[in-house]
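*Asks:* Fold the following for me, if possible:
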Amino acid sequence: MVGSRLEPCLLAPLAISSAHRRDTYCWSYTRSGQYTVKSEYWVAQNVLKREEEKQVVEPSITDLQAYVWKLKTPKKICHLIGQLLTGHVAVTRNLARRNMRCDNYCPRCGELEESVTHAIFECPPALQVWSLSSTPTGPGIFRVPSVYTNMDFLFWRKNAIIEPDQDRDPYPWLIWYIWKARNKKLFSGIDRDPLELVRHAESECQAWFEANKVVQPIIQDINVEESQWWEHPTYGGKESHAARVTPAYRIGSTAVGNGEHAPTFDMPELWNGLQGDDCNVKRAPGLAKLCDGAGKD
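*Replies:* Predicted coordinates:
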């Protein structure tokens, strides 16, 4: 009844078509009513985008995921941190959500539910590790009940305390060994001492930075000294000129060992030897013998 009463009110303002055609769909964002890609792009940028901005959505973790692969740490640890951010790790809460038959409590402390935040930041053994480590911590700014907030602090916020260029914080290794200690407790029933874990993580961090330190190459200095020029008789219509070359290597050069090495050759004598009877001796032993004879002066 209500619909039948409203229909005349809605239909009255509509003009009756003189062509008496059936109703069809039209694209109201162009004058012709025809759809175009250009008009759809305008709608996406000006109409739909405004509607999306009005919606209340959760913060994006795209920046966190992108920064994971910029960490100064082995790639296996980057992969683990990325999995922690996306929730693709086998904590009991995730297993229960996938209908896995398992206990939902924490294997280390017996908490009723084990989440990613609890396993890495809130479990008592993990809390001891963070407290004993050199990572800056404080009440209300770190170890809050959100893995995203805690990772945000580790990635960027703590750099206000530590200079980024001097930042050798072992927190990626701490996360790695906290997770390994959790698995060892779950599968082997072995508890790791938090202080031992912190020392091991810091030593692994120091070893990794030392192994990846960029060593500047030592440039070898080679000085070429020119001596007196000499003139050889015409050979083949051209005059041949040469010089006494004295290559001098720096002391401690790896090319010649420890000490100075400055061999000299008498170029006229070497040239005459090559043009004389020994010119047919072109193998390495003969040439070396000829050079030794030229350098005995």
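
*Asks:* Is it correct that Ser115 is in contact with Ala96?
*Replies:* No - using C-beta atoms under 8 Å, Ser115 makes no contact with Ala96, being 10.7 Å away. In this view, the C-beta of every residue, glycine as well, is placed from N, C-alpha and C.

*Asks:* between these two, which one's more packed in?
*Replies:* Neighbour totals were compared for Ser115 and Ala96, and Ser115 leads with 18 against 15 (other C-beta atoms under 10 Å).

*Asks:* How about that one: what's its closest non-neighbour residue?
*Replies:* Arg93 (4.9 Å; C-beta to C-beta, 6 or more residues apart in numbering).

*Asks:* and the gap between the one you found and Pro172?
*Replies:* Arg93 is 23 Å from Pro172, where distance means C-beta to C-beta, to the nearest Å.

*Asks:* which residues in the stretch 51-200 of the chain form helices?
*Replies:* Along the stretch 51-200 of the chain, the stretches classed as helices by DSSP state H, counting those that start in this stretch are 62-68, 75-86, 92-97, 116-117, 124-132, 147-155, 171-188, 194-211.

*Asks:* want to try a markdown table for these, with distance to Lys38 and mean pLDDT as columns?
*Replies:* Listed next are these as a markdown table, based on distance: least, C-beta to C-beta, whole Å; pLDDT from 0 to 100:
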| stretch | distance to Lys38 | mean pLDDT |
| --- | --- | --- |
| helix 62-68 | 29 | 91 |
| helix 75-86 | 37 | 94 |
| helix 92-97 | 45 | 89 |
| helix 116-117 | 46 | 92 |
| helix 124-132 | 55 | 92 |
| helix 147-155 | 39 | 89 |
| helix 171-188 | 48 | 94 |
| helix 194-211 | 53 | 94 |
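
*Asks:* Tell me which of those sits most buried.
*Replies:* helix 116-117 (a mean of 22; mean count of other C-beta atoms under 10 Å).
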